[in-house]
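Novice: structure for this input, please:
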Amino acid sequence: MKDNVPDVFILLINWNGHEELKRCLNSLLKLNYNSTNIVIIDNGSEQDSIDAIRSWCHSSGFDLDKQGVYYPVSESVIKTLTILENGENLGFTGANGKGIEYALENRADYVLFLNYDTVVTPDFLTKMVEVGEKNPKNGLVSC
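Specialist: From the prediction side, this is the model:
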């Protein structure tokens, strides 16, 4: 891996799945990779689902800035957490398109698509980035 740790943006699409999403986010907090940005793309969920996610952010040690981005209050492997609210269900590809656009605007080195109901192991992202960094011809890495 390079001396400069690549920024990874993890895209999570939510549609009223806040309970599963919170389990996923809790597992992401345990990553051993320290340059992670989380982007939750909400596909028109009920307000209580969005409120539950925001509540998780606050109870997990994240503060919201004026631009609508959550930052950790203390040291964390997650650099930023952003909730993009579509206001309607754009489907899987439409929501991921919004997430990719956001990640690239924020200079992502890697974009990871992760299902909101996934629970990850602490080292999965480190291993994926290592594979991606080994060969500059790699355009896609998958588990």
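
Novice: for Leu112, what are its contacts?
Specialist: Val8, Phe9, Ile10, Leu11, Leu125, Met128 (Cβ atoms under 8 Å, 6 or more residues apart in numbering). No exception for glycine: its C-beta is placed from N, CA and C like everyone else's.

Novice: and the first one, what does it touch?
Specialist: Spelled out, it's Val8. With contact set as Cβ under 8 Å, 6+ apart, Val8 has these partners: Tyr33, Ser35, Thr36, Asn37, Ala108, Asp109, Tyr110, Val111, Leu112, Leu125, Val129.

Novice: which SS state does the fourth one fall under?
Specialist: What it means is Asn37. Following DSSP: H, G, I helix; E, B strand; the rest coil, the label given to Asn37 is strand.

Novice: wait, doesn't it sit right on Pro6?
Specialist: No - when contacts are counted by Cβ atoms under 8 Å, Asn37 is not listed as touching Pro6 (11.0 Å).
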